[in-house]
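**Student:** I would like to see how this sequence folds:
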Amino acid sequence: MKYTALVGCAHIHTPGFIKRLNARSDVKVKLVWDHDAERAAKYAADINAPTTSDLNAIWSDPEIDSVIVCSETDGHEKLVLDAAAAKKHLFVEKPLGMGAKDAYAMAREIDQAGVLFQTGYFMRGNPLHLFLREQIQKGSFGKITRIRHTNCHSGSLGGWFDTEWRWMTDVKQSGVGAFGDLGTHSLDILMWLMGDVEWVTADIAVVTGRYGDCDETGEGLLKFANGVIGSLAAGWVDVAHPISTILSGTMGHAYVANGKLYFKSSLVEGADGNEPWTALPAELPHAFDLFFDAVTGKPNVPLVSAHEAAARSAVMEAFYQSARQQGWAEPAKP
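**Tutor:** All right, here's what the predicted structure looks like:
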């Protein structure tokens, strides 16, 4: 049995993570902490664990070898640095940082501590994305010229953030609005497939005003170091999201429509793009479960590195800078 601790319960994914923990027999939450004692008590009851008001009780407990950080984003840095100093393996909900400076500082300490790290980029385990990555590596698209990924829902329209999750609409706590909240998933897939980003530009907008001046949608362009042009859209004001991915190259093309992949390549037999492509890799476990698979000793678990997570925070920060400046911005380097 491995013991973990829940350090912060603010994130909207906290209830889902608790369900996943309750479904595991190899991991038990020993302590729950949150700066809001009432919130800590609520989630501690859901997971049948005691609360603590003293973080040192977690950092100093040798039985607790990992922690789950689901605090407000502006609380990540101190919690992560203290956890790394205590040699605790870290699952930190996305985004890792408010921007480049704190994210890279965390990544350096995590790497120096030599602990396992994971963040909530669950889209990497999707068979569609795994397939695209395989075919890119095989050269099935020829020279890739452009790629697009989007991630949208109707959160503002449905009032998802009206009460318990309201802090996510306060950029002083969250670092980002809708574009960064959902867009970080698309950004991770784009960078996982295409590599480093050299320049970005974006237009980010308020639509309903339900959450004051918090942005609710946005569209961005990326210039990758390999010469590919990318685009990204994300928002909380979409009543439908039928097309999530488009990838074009000199020898092939792929797009995802309503969750189905259409694949065309002159280098792959049968890939004519007319019917959904169904020969896909197996889906990976959720990113959260992958973390605990690694913590409990499973070998060769594909995790997101702390540097990767920090680079996504840096690029997203540049997107917001570009929107304010109405021009291109260069993401900060480590």
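**Student:** What about the most centrally placed residue in the chain? Give its phi and psi, please.
**Tutor:** In the chain, the residue lying closest to the centroid (CA atoms, centre = their mean) is Tyr121, at 3.6 Å. Per-residue torsions, Tyr121: phi -80, psi 70 (degrees, to the nearest 10).
**Student:** tell me the contacts of the residue lying closest to it once chain neighbours are set aside?
**Tutor:** Excluding its sequence neighbours, the residue lying closest to Tyr121 (CB to CB, 6 or more residues apart in numbering) is Asp188, at 4.4 Å. All C-beta spots, glycine's among them, are computed from the backbone N, C-alpha and C. Applying CB atoms under 8 Å, 6 or more residues apart in numbering, we find Asp188 in contact with Lys94, Tyr121, Met123, Arg124, Val304, Glu308, Arg312.
**Student:** returning to what we had before: the residue nearest to the centre of the chain contacts Ser186, correct?
**Tutor:** No. Under the criterion of CB atoms under 8 Å, Tyr121 makes no contact with Ser186, lying 10.3 Å away.
**Student:** returning to that earlier point: roughly how far apart are the residue nearest to the centre of the chain and Gly249?
**Tutor:** 24 Å (CB to CB, to the nearest Å).
**Student:** tell me the domain ranges of this protein?
**Tutor:** The chain is divided into the following domains under automatic domain parsing: 2-119, 127-282.
**Student:** Quick one: end-to-end length of the last one, please.
**Tutor:** This points to domain 127-282. The separation between the terminal residues of domain 127-282, taken as CA to CA, to the nearest Å, is 6 Å.
**Student:** likewise the first one?
**Tutor:** Across its full length, domain 2-119 reaches 19 Å between end residues, using CA to CA.
**Student:** tell me the mean pLDDT for that domain?
**Tutor:** When pLDDT is averaged along domain 2-119, the result is 98.
**Student:** hmm, which two among the contacts of Asp188 are most spread apart?
**Tutor:** Met123 and Glu308 (13.3 Å; CB to CB).
**Student:** need the contact list for Met106.
**Tutor:** His76, Glu77, Val80, Leu81, Ala84, Val92, Leu96, Gly97, Ala306, Ala310 are the contacts of Met106 under CB under 8 Å, 6+ apart.
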